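Undergrad: Next comes the sequence, and after it the predicted model I'd like to discuss.
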Amino acid sequence: MELPAGYEKQIETYRERFNAELLDSLGTGTQGTVFTAQSPRLPTVYAVKFHRRKVAYEREIGVYLRLRDLEVTEVCGHQVPQLLAYDDELLTIEMTTVSPPFCLDFGGAYLDQPPDYTPEVWRDWREEKSEDFGDNWPAVLEILDEFRWMGIHIADVNPGNIRF
C-alpha cells in the first residue's frame with residue numbers, strides 16, 4: 001500500500017508499536033489521513049487517524065473524549081465513531097468504523113467556544129454549507145445544534161463528514 005507523503009515514519013512506528021496492519025485508505029484531508037486497520041490488541045477492524053499537526057490532534061481527541069464522557073453514540077440518528085484508543089506521541093486516534101448516516105471528522109471542531117469568525121465569514125459559511133447540503137441543510141443545522149449543546153462547535157461541515 002502506498003502511504004501518503006509525510007506520514008511514512010509515523011505510520012511505520014505505529015505499525016511496529018501496535019503490531020497493526022493497515023487495510024484500506026479511508027481518505028486524506030487537511031488534518032490527517034485515515035485507514036482501516038486491525039491489530040491483535042483490538043477485537044475488530046477499526047479506523048485509525050494519523051494527524052499531521054498536534055493542534056488538530058488535540059482538538060479532535062478533546063472532542064472524542066467529550067463524546068465518550070457523555071456516552072454519545074449517535075446524534076440525530078447519525079452514528080458517531082466511538083473512541084477505542086489514542087496515542088499522544090504518534091498523534092493517532094483509533095475509533096470504530098461507521099456507516100451512513102454518520103457524523104465524523106472532528107479535527108476542525110472546537111470545544112466550548114465557537115471559532116472566532118467575523119459575522120461576514122459566518123454568513124458566507126452558512127451560504128456555502130446550505131448550498132453543499134441542499135435539502136438536507138435543515139437537518140444539518142439540527143445536528144450542529146445538538147453538538148453545540150454538548151459544547152462541540154463543528155466548523156468543518158461537508159457532505160463527506162455528515163452523511164445521510
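TA: That came through, no problem. Numbering: from 1, shown residues only.
Undergrad: Give me the below-cutoff pLDDT ranges for the chain.
TA: Within the chain, the segments meeting pLDDT under 70 span 1-4.
Undergrad: can you name the farthest residue from the center of this structure?
TA: Relative to the mean C-alpha coordinate of the chain, counting by CA atoms, centre = their mean, the farthest residue is Glu120 (26.4 Å).
Undergrad: Check the gap between it and Arg163 for me.
TA: 29 Å (CB to CB, to the nearest Å). The way it works is simple: take the backbone N, C-alpha and C, and place the C-beta from them, glycine included.
Undergrad: got it, and Asp88?
TA: Applying CB to CB, the value for Asp88 to Arg163 is 29 Å.
Undergrad: Of these two, which one has the most company?
TA: Arg163 (16 against 10; other CB atoms under 10 Å).
Undergrad: what ranges do the strands span in the chain?
TA: Using DSSP state E, the strands of the chain run over 21-28, 32-38, 46-51, 74-75, 78-79, 83-87, 92-95, 102-103, 109-111, 152-154, 162-163.
Undergrad: out of those strands, nearest to Trp137?
TA: Among those, strand 162-163 comes nearest to Trp137, with 10.4 Å by CB to CB.
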